[in-house]
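Visitor: could you work out the structure for the sequence below:
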Amino acid sequence: MTNQNLEDYDSTCKKIMDLDSKIRFVGVINERGKLLAGGLRNGLKSLEDPKDDEMLFTEVALRARMRKEFNSQLGKVKFAMSVREKVIIMSFPTDGSDILYVSANTDIDYGKISKMILQMF
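Guide: A predicted model of the protein is given here:
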């Protein structure tokens, strides 16, 4: 990954964060779950311990890789979403092997915001 790509990722993360104040976190992670760009909205406290971020991102990356197994039968994944009691998590595969990871408050209009994010790609 070049510095230009990282700058593009940072710019994309900021644009997505600016879409809705209910978005808590926007980041790009690689296929191994390492955070490449982005982060938590200023002024918010993370819901999980920072040491758990790596495990969470690794799980998201693993699930993204597993979903690719069915691309030939079902088509490529546009995005995946998990609705939890405290947060909604959305992941969007990039053109490469990286993943855009977005978490938001549960009262966000996830249908609308996911469409807006997909239109940005």
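Visitor: contacts and neighbour counts: CA atoms only from here.
Guide: Fine.
Visitor: just checking: what are the partner strands of whichever strand or helix holds residue 82?
Guide: Following DSSP states H and E, one finds residue 82 within strand 80-83. Strand pairing for strand 80-83, using DSSP bridges, gives strand 88-93 (antiparallel).
Visitor: what's in contact with the strand it pairs with?
Guide: Residues outside strand 88-93 that contact it (CA atoms under 8 Å, 6 or more residues apart in numbering): 60, 64, 77-83, 99-106, 114.
Visitor: inside helices: which ones of those?
Guide: Counted as lying in helices by DSSP state H, out of these, are 60, 64, 114.
Visitor: which of the residues you listed has the largest number of neighbours?
Guide: In terms of neighbours by other CA atoms under 10 Å, the ones in helices among the contacts of strand 88-93 top out with residue 60 at 24 neighbours.
Visitor: please verify my assumption that it contacts residue 33.
Guide: Yes: with contacts counted by CA atoms under 8 Å, residue 60 reaches residue 33, the gap being 7.1 Å.
Visitor: what's the one helix or strand in the chain whose mean pLDDT sits lowest packed up against?
Guide: Ranking every helix and strand in the chain by mean pLDDT, DSSP states H and E puts helix 3-17 at the bottom, with a mean of 85. In terms of contacts (3 or more CA pairs under 8 Å, 6 or more residues apart in numbering; DSSP states H and E), helix 3-17 is packed against strand 23-29, strand 35-40.
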